[in-house]
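> sequence and computational prediction follow.
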Amino acid sequence: MQKVLFLFVVLTVSAGTTLAQQSPLLRLQNLEQKFRATAEDLPDFAPGLFRNTQKSLLDLRMSYDKDGKFNEADYNRAKTALEQYEQVATRTRAGVRRAHQLRLAVNRNNFVRRHDPAQFYKAEKDYWLAITYGETQKIPQMNQSARRAEDAYKNLLKEAQATAKARITPQITRYKNALNNDLAVLSGNLNDPGFADQADGVVARFNQNNFDLQPGLNGVFEEPPYFPPPPTPPGPTPPIAIGIQARTSNSIQMNWYDLSQNEVGNRVMRTDDLFNWQSVSERGVLAYHEAHSYTDRNLRAQTQYCYAIESHNAEGARRSQFRCAYTRDSIDIPVWRVQLGVSVANVEHAGSDSEVRVALGDVVANSTYLDYGHDDFGRNSTFVYDLSLDNVSALSDIVTLQVAKFGDDMLLIRDICLMVNNGDTLFYRYFGNTRNSALNLYGYNVAFEELRSSPYWLAFVQASQRDRFQNVPPVKLADNGQFQVEISQEEIVSRIESLVGNMIHAEPDVRGKMQWGQLEGDAVEISRKAANRIHVDLDLEVPINNWPNPKLDVDFDLNISKECVNDSTMSIRIVSSNFISDADYALWRDIVSIGTTALTSKLINYLAKECSDPPEIEEHIEFNLPPGITCNDLEIFFSEEGNLVICCFSPFQNR
């Protein structure tokens, strides 16, 4: 027994001696391994200490990689930071765990956050106070804030569930009964002509191949996959293609297509709560197979209204599908740039190669596929994308924020940030940097009420009302002593890259036929050709199965012009021209002839030098001018550096 004890002591001392004599590399690796071995969820409970520890270890690694050694004081600081991070995060996790779990549930469910945004943001404030108190080890304050956040999240979940149940249960019951009836019809005797006719109706109402699993991302309302049977009595055929044509702060214009030949009248139905419908206009008999419209006036600003058209006769009434839209606000804050920052979590398999699309509108078309020339959405990456300005010229045109990923792989998002104009934040949400807390993106929707209640949105609106230069593009001193707006070449490159990346995925004639190339330089390069023109060089390639992808060097010019909407509103129009390509036409023809690719001759002609109908890129940037600055007095041109310049004015005139 004494020999065993003696051997244990010798081995322990030997191990300690060896540890003290470890090489710098081994000591660094041990520290890095200890950091990786900490609990996977700890970063959520001490995010600041986690980042500090991560930076200390990274600095230590860089120092060693450079000189083969590191400063002993830096090593001790990293070691102390790691120990403090693990202790503090573990203790904070014990006090905040329940609030953390509830927050994850609320954050991942759009309908819960939308139910009461004010209560959600209050819970968020208390939650982050608890995390802050935890990191500074103010335990009593941490516990109080965590309990407040926990109660708020609980109430929000409970109330949202009750509301959803009250609203949806009748609809589900209606669909359930209709579905049972249709299943009975499909199981009936189809040799009976009556059953066959009913079955034909079931098939017609099953919209299998004409609906989108990500509704609304095309900027239009997507039809559901199944329509219940019509009510009894059947009444006339209801109108279709209900759409919203235009919106102001106090009016909404809608349109529809008449399908009935036997109605005695039509009425426009409206609701602002999806429960109580009222007739707002009697339209009489409408022309069959023709489009019709109606403008509803005297509405409240920033309010959602839903509309349906009801056709009726002596047999009954039939109502169309309904469409909803928000009226604009009366502030009219101009928007001339919209960006979305996306950070991918730093966990294994967090990145994705799938398509990601963003939409800002409800019924007005606005969407952008996020695809730049680099490797998008890689693990632990952060990138800011320019978004389409289609139908977005004012802040009130940003109605929702919808982000959707297509494909079966995961994409774990650490945080997202919506910015406008000069990079001002409208909306920011931090999800987490662990597998459990990061947002596994498939479809994330920030509704109107949630956007408008965001502290960042409220702060931006207040700042815009205080400062009339808040939303003017970057202003610089001109050579003549006055001032000019200058949009950098880097911003122009980003906008072009965004437009082309979106075109690759969104345009039917281009989708799947080209992609960004294996870059040797920048994906987009621009150079000035004239005061109103820049030249653009894109590095693309044509995807070919089982064959090296041919490089597709696409060149075109961008021409700018100024359009005065009125004295105080200017629109910059950017249009492409002189599209050419250096694609090897003969190579493509030979590849097709030996049957190793599915490229068609039409595609070859489209992308080769002989192409006659190239894709066109066009964008309008519209913004309001400050008081005292008139559109007709301004000039617009490209500087020698390729910057877009609007000159000249005095920002102090007529103040």
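In hand now; what should we look at?
> for the rest of this, base every contact and every neighbour count on C-alpha atoms.
OK.
> can you pull out the helices in this structure?
Assignment of helices within the chain using DSSP state H yields the ranges 2-20, 24-36, 47-67, 72-107, 110-115, 117-135, 139-186, 193-205, 448-453, 455-466, 489-506, 585-593, 601-607.
> turn the ones you listed into a markdown table, including mean pLDDT, mean neighbour count and distance to Asp273.
Formatted as a markdown table, those follow (pLDDT from 0 to 100; neighbours: other CA atoms under 10 Å; distance: least, CA to CA, whole Å):
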| stretch | mean pLDDT | mean neighbour count | distance to Asp273 |
| --- | --- | --- | --- |
| helix 2-20 | 39 | 11 | 70 |
| helix 24-36 | 90 | 15 | 51 |
| helix 47-67 | 91 | 16 | 41 |
| helix 72-107 | 94 | 18 | 23 |
| helix 110-115 | 89 | 20 | 13 |
| helix 117-135 | 96 | 21 | 17 |
| helix 139-186 | 88 | 16 | 10 |
| helix 193-205 | 72 | 15 | 27 |
| helix 448-453 | 92 | 20 | 14 |
| helix 455-466 | 92 | 15 | 24 |
| helix 489-506 | 87 | 19 | 34 |
| helix 585-593 | 48 | 14 | 58 |
| helix 601-607 | 44 | 16 | 50 |
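> nearest to Gln253, of those?
Counting by CA to CA, Gln253 lies closest to helix 448-453 out of those; the figure is 19.6 Å.
> show me what the closest one is packed up against.
Applying 3 or more CA pairs under 8 Å, 6 or more residues apart in numbering; DSSP states H and E, we find helix 448-453 packed against helix 110-115, helix 117-135.
> how does it look with 10 Å?
Applying 3 or more CA pairs under 10 Å, 6 or more residues apart in numbering; DSSP states H and E, one finds that helix 448-453 contacts helix 110-115, helix 117-135, strand 401-406, strand 424-430, helix 455-466.
> contact partners for Asn276?
Met269, Arg270 (CA atoms under 10 Å, 6 or more residues apart in numbering).
> the longest strand along the chain pairs with which strands?
For the chain, the strand with the greatest residue count under DSSP state E is strand 551-566. Sheet pairing for strand 551-566, assigned by DSSP bridges, gives strand 533-541 (antiparallel), strand 569-581 (antiparallel).
> mind checking how far the longest one is from the chain centre?
How far strand 569-581 lies from its chain's middle: 26 Å, per CA atoms, centre = their mean, to the nearest Å.
> who wins for proximity to Leu540 among the helices and strands packed on helix 448-453?
Among these, the nearest to Leu540 by CA to CA is strand 401-406 (22.4 Å).
> let's have the helices and strands packed on helix 448-453 in JSON lines, adding distance to Asp258.
Formatted as JSON lines, the helices and strands packed on helix 448-453 follow (distance: least, CA to CA, whole Å):
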{"stretch": "helix 110-115", "distance to Asp258": "34"}
{"stretch": "helix 117-135", "distance to Asp258": "39"}
{"stretch": "strand 401-406", "distance to Asp258": "32"}
{"stretch": "strand 424-430", "distance to Asp258": "41"}
{"stretch": "helix 455-466", "distance to Asp258": "41"}
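> those: which one's closest to Ser281?
Using CA to CA, the helices and strands packed on helix 448-453 put helix 110-115 closest to Ser281, at 30.7 Å.
> identify all contacting residues around that closest one.
105-107, 119-121, 153, 156-161, 163-164, 443-451.
> so which bits of stretch 633-643 are buried?
By neighbour count with 16 or more other CA atoms under 10 Å, stretch 633-643 contains the buried residues Leu634, Ile636, Phe637, Phe638, Ser639, Gly642, Asn643.
> where does Gln137 land on pLDDT?
What the model reports as pLDDT for Gln137 is 93.
> burial measure for it, as a count.
Residues contacting Gln137 under the criterion other CA atoms under 10 Å number 15.
> kindly report the same for Leu299.
Leu299 has 15 neighbours, counted by other CA under 10 Å.
> what's the distance between it and Glu83?
Look at Leu299 and Glu83: by CA to CA, to the nearest Å, they are 60 Å apart.
> ok, Lys476 touching Val485?
Yes - Lys476 lies in contact with Val485 (CA atoms under 10 Å); the separation is 6.2 Å.
> mind listing the shared neighbours of these two?
Contact criterion CA under 10 Å, 6+ apart; residues shared by Lys476 and Val485: Val645, Cys647, Cys648.
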